[in-house]
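1. Here is a sequence with its predicted model. Questions after.
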Amino acid sequence: MKKITKDTYLSWYEDMLFWRKFEDKLAAVYIQQKVRGFLHLYNGQEAVLAGSLHAMDLSKDKMITAYRNHVQPIGMGVDPKKVMAELYGKSTGTSQGLGGSMHIFSKEHRFYGGHGIVGGQIPLGAGIAFGDKYHGSDAATLCYFGDGAARQGSLHETFNLAMLWKLPVVFICENNGYAMGTSVERTSNTTDIWKLGLGYEMPCGPVDGMDPVKVAKALDEAIMRARNGDGPTFLEMKTYRYRGHSMSDAQHYRTKDEVAEYKKIDPITKVKEIILKKKYASKKQLDEIDLRVKDLVKECEKFAEESSYPEKNLMYDAVYEQKDYPFLKHKI
């Protein structure tokens with residue numbers, strides 16, 4: 001595994017802080033109705049992404065996830081201004097304003113969504129990995145889903161084929177404790193979701209999803225297994241979201257005290273404490289990072305605000321029509 005150094009911690013702090021503040025701004029403009037539809041925020045779960053990116057090779061590895069998907073593409077290299085613009089529904093967005101919050105996508109940066117159908121990305125993640133194996137690539141695909149999606153039948157079908165074909169995919173359940181407002185205890189006989197892999201003899205296990213170091217180590221092993229042709233891995237990242245399932249969630253299913261307890265292990269705060277304790281940076285240097293993050297969020301907001309909405313005909317040109325469709329053999 002790549003060494004976890006001073007620079008790693010400083011990068012983690014700046015990245016996770018930016019992701020948090022980026023989404024805090026989205027929450028603010030959502031209330032102003034500048035962003036419409038649904039909005040599912042990642043606040044609290046940032047260590048999963050930070051640790052994952054450290055273990056990945058961003059020149060070839062791929063990522064696919066559910067609808068809590070705004071900061072992952074940024075981590076993969078997508079311009080955050082374009083992500084913000086997509087949420088605003090602007091033509092400068094990642095999908096020219098036609099996808100919105102739940103459908104961020106970038107083929108260029110190997111980020112394949114953003115999927116609004118619960119669990120819909122699980123078989124797709126295996127399909128991407130199948131393509132890599134078919135073409136002889138040693139790339140790995142990281143396929144994320146929530147604890148609610150772990151109840152989908154397609155997960156079992158996918159796990160079976162992934163093991164049968166030894167696909168280079170890492171399945172990652174980001175277990176934040178609640179499927180919308182329903183706790184894991186109310187949806188499953190076993191609360192150890194990682195044990196679902198045992199029925200397929202798939203390497204599996206739990207990971208502390210609030211610690212980027214533990215995430216990076218677990219994923220490094222899983223990715224190497226995929227690259228070596230040893231097949232898939234299933235990891236359950238035990239994490240927590242500080243905001244509701246979506247912006248419309250009143251959160252009656254949990255107490256403020258519960259949220260406050262989890263905020264004591266906020267991954268951003270913990271990384272900051274390690275930086276200060278090991279003297280990787282001074283408080284003044286961290287304050288400079290905070291200002292840099294604040295300025296970048298402002299840039300993203302300004303870009304989205306000033307961008308134009310797409311023309312109506314783009315809906316037909318970009319989505320429904322491809323004049324040089326490569327698989328059309330006969331005229332209909």
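-> Here it is on my side, so go on. Everything quoted here is computed from the prediction, not taken from an experiment. Numbering: from 1, shown residues only.
2. the helices in the chain, which residues?
-> 6-31, 46-55, 71-76, 80-88, 121-134, 153-164, 212-227, 256-263, 267-277, 283-306, 314 (DSSP state H).
3. Including distance to residue 183 and mean pLDDT, could the ones you listed go into a markdown table?
-> Backbone N, C-alpha and C define where each C-beta goes, glycine included. Converted to a markdown table, these look like this (distance: least, Cβ to Cβ, whole Å; pLDDT from 0 to 100):
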| stretch | distance to residue 183 | mean pLDDT |
| --- | --- | --- |
| helix 6-31 | 23 | 98 |
| helix 46-55 | 19 | 98 |
| helix 71-76 | 25 | 98 |
| helix 80-88 | 29 | 98 |
| helix 121-134 | 21 | 98 |
| helix 153-164 | 19 | 97 |
| helix 212-227 | 23 | 98 |
| helix 256-263 | 11 | 95 |
| helix 267-277 | 22 | 98 |
| helix 283-306 | 33 | 98 |
| helix 314 | 42 | 83 |
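4. Which one of those lies nearest to residue 202?
-> Residue 202 lies closest to helix 153-164 among the helices of the chain, at 5.4 Å (Cβ to Cβ).
5. what's that closest one in contact with?
-> Helix 153-164 has contacts (Cβ atoms under 8 Å, 6 or more residues apart in numbering) with 119-120, 122-123, 125-126, 129, 145, 149, 167, 169, 171, 196-197, 199-202, 231-232, 234.
6. quick one: which of those residues sit in strands?
-> 145, 169, 171, 234 (DSSP state E).
7. before we move on, back to that, mind checking which of the contacts of helix 153-164 are buried?
-> When the contacts of helix 153-164 are checked for burial by 16 or more other Cβ atoms under 10 Å, the buried set is 119-120, 122-123, 125-126, 129, 145, 149, 167, 169, 171, 196-197, 200, 202, 231-232, 234.
8. In a markdown table: the helices of the chain, plus distance to residue 108.
-> Converted to a markdown table, the helices of the chain look like this (distance: least, Cβ to Cβ, whole Å):
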| stretch | distance to residue 108 |
| --- | --- |
| helix 6-31 | 20 |
| helix 46-55 | 17 |
| helix 71-76 | 10 |
| helix 80-88 | 11 |
| helix 121-134 | 15 |
| helix 153-164 | 26 |
| helix 212-227 | 21 |
| helix 256-263 | 35 |
| helix 267-277 | 28 |
| helix 283-306 | 18 |
| helix 314 | 19 |
